[in-house]
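**Q** Could you work out the structure for the sequence below:
(one chain, ligands or ions: 1)
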Amino acid sequence: MSDSFEDRIASYTARVDQGLDAALPLASRSPERLHDAMRYAVLNGGKRVRPLLVYATGECLNVATNLLDAPAVAIELIHAFSLVHDDLPAMDNDDLRRGKPTVHKQYDEATAILAADALQPLAFSVLANVQGAPPGAAIQLVRLITDACGSTGMTGGQSIDLAAEGTALSAAELEHMYSLKTGALIHASVVSACLLSNDLPAADADALDRFGRGIGTAFQIKDDILDVEGDTQVIGKTAGSDASLNKATYPAMFGIEASRKRCDELLADALGSLERFGDSAAPLRWLAHYIVERAR
Ligand code: GRG
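**A** From the prediction side, this is the model:
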């Protein structure tokens, strides 16, 4: 490939947006308000980091792009679901997401809950329909993503996060929570492309597994830093909300400098895992830097 991954991001983003648009029911179809809310939750300007990780890992392993569309779309649908629930009054009670009113503010709480409820099965329907994948890959993808979402994945991490409000966590406890709440789906984005690769050597799979875990945790620490230092207009959600909710976060427990240092350590370790892949991992290297250097 002659152009850099950065040059191709717009085309991958357009590709996943097209896949999401095609997977989502039309807003004109009954029940219209539910379908409209589902589309609002998904097609409202996310960075699409998880789908980009699917495509970048696929490039690293030479997986055909059309095979990557199903996990890219499914994972973004699940991510959108998690944001809708995360923003609800019963959870983080946020009014702003991606620079726009959160789904329960734009519609109402019941519609937000139902829209999220409907995004989850839609994601698995997309996965079940993956065409041309290696034998057994569809079921492995379903298992990977259900594990990433469940009580020992994202949902468990969210539960620990809510229970930890107003308490002090050790670095190991925080990183465990981050690895579930945020890391599990990011890790699954990387591993999903591995599952679509034919005859991937175990050592390569292990290296990408380690990469996915490291950048997943780094992503959440950077998210915490942005909550402290970012501007609401730029990050698209209310800055300072972690402090108002008395959240147990890396900056709250250890300060901004230690948070930056930990992000850098995780980045260095993640980049180390990619060494064995040479130039084919350039897109993953770019994304790893983006994750810890991003402004939103
Ligand atoms: C979805 C099965 C399932 C359960 C939901 C509510 C919940 C359980 C989990 C919350 C998980 C959560 C929202 C973690 C925070 C992750 C995070 C930092 C999200 C922000 O991701 P970005 O920055 O957002 O990629 P954009 O808007 O760019 O997509």
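
**Q** What's the separation between residue 23 and residue 124?
**A** Taking CB to CB, to the nearest Å as the measure, residue 23 and residue 124 are separated by 11 Å. No exception for glycine: its C-beta is placed from N, CA and C like everyone else's.

**Q** swap in residue 17?
**A** To residue 124, residue 17 is 20 Å away according to CB to CB.

**Q** so what's the backbone phi/psi at residue 150?
**A** Backbone dihedrals for residue 150, given as degrees, to the nearest 10, come out at phi -80, psi -160.

**Q** what's the burial count for it?
**A** Counted by other CB atoms under 10 Å, the residues lying close to residue 150 total 13.

**Q** Contact partners for it?
**A** With contacts taken as CB atoms under 8 Å, 6 or more residues apart in numbering, residue 150 has the following neighbours: residue 156.

**Q** same check, this time on residue 187
**A** Applying CB under 8 Å, 6+ apart, one finds that residue 187 lies in contact with 148, 179, 209, 212-213, 216.

**Q** Let's see if you can find the most crowded of those residues.
**A** Most crowded among these, counting by other CB under 10 Å, is residue 216 at 28 neighbours.

**Q** In contact with the closest residue to that residue other than its chain neighbours, which residues?
**A** Sequence neighbours aside, residue 183 is the residue nearest to residue 216 in space, at 2.8 Å (criterion: CB to CB, 6 or more residues apart in numbering). Contacts for residue 183 were tallied using CB under 8 Å, 6+ apart; they are 157, 212-213, 216-217, 219-220.

**Q** same thing with residue 85?
**A** When contacts are counted by CB under 8 Å, 6+ apart, residue 85 touches 91, 113, 116, 158.

**Q** Also residue 54?
**A** Taking CB under 8 Å, 6+ apart as the contact definition, residue 54 lies against 68, 71-72, 75, 189-190, 192-193.

**Q** let's see it at 6 Å
**A** If you count contacts by CB atoms under 6 Å, 6 or more residues apart in numbering, residue 54 has them with 68, 71-72, 189, 192-193.

**Q** Repeat that for residue 102.
**A** By CB under 6 Å, 6+ apart, the contact list for residue 102 reads 87, 94-95.

**Q** from those, which is closest to the ligand?
**A** Using CB to the nearest ligand atom, the shortest approach to the ligand within the contacts of residue 102 belongs to residue 87, at 8.2 Å.

**Q** Count the neighbours of the closest one for me.
**A** Neighbours of residue 87 under the rule other CB under 10 Å: 23.

**Q** Would you confirm that it contacts residue 94?
**A** Yes: because the distance of 4.3 Å satisfies CB atoms under 6 Å, residue 87 is recorded as touching residue 94.

**Q** Which of the contacts of residue 187 sits closest to residue 236?
**A** The shortest separation between residue 236 and any of those is 20.7 Å, and it belongs to residue 216 (by CB to CB).

**Q** hey, where'd the strands end up in the stretch 51-200 of the chain?
**A** The residue ranges that make up the strands of the stretch 51-200 of the chain, judged by DSSP state E, counting those that start in this stretch, are 96-97, 100-101.

**Q** Using JSON lines, lay out those together with distance to residue 53, mean neighbour count and mean pLDDT.
**A** Listed next are the strands of the stretch 51-200 of the chain as JSON lines, based on distance: least, CB to CB, whole Å; neighbours: other CB atoms under 10 Å; pLDDT from 0 to 100:
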{"stretch": "strand 96-97", "distance to residue 53": "21", "mean neighbour count": "20", "mean pLDDT": "97"}
{"stretch": "strand 100-101", "distance to residue 53": "24", "mean neighbour count": "16", "mean pLDDT": "98"}
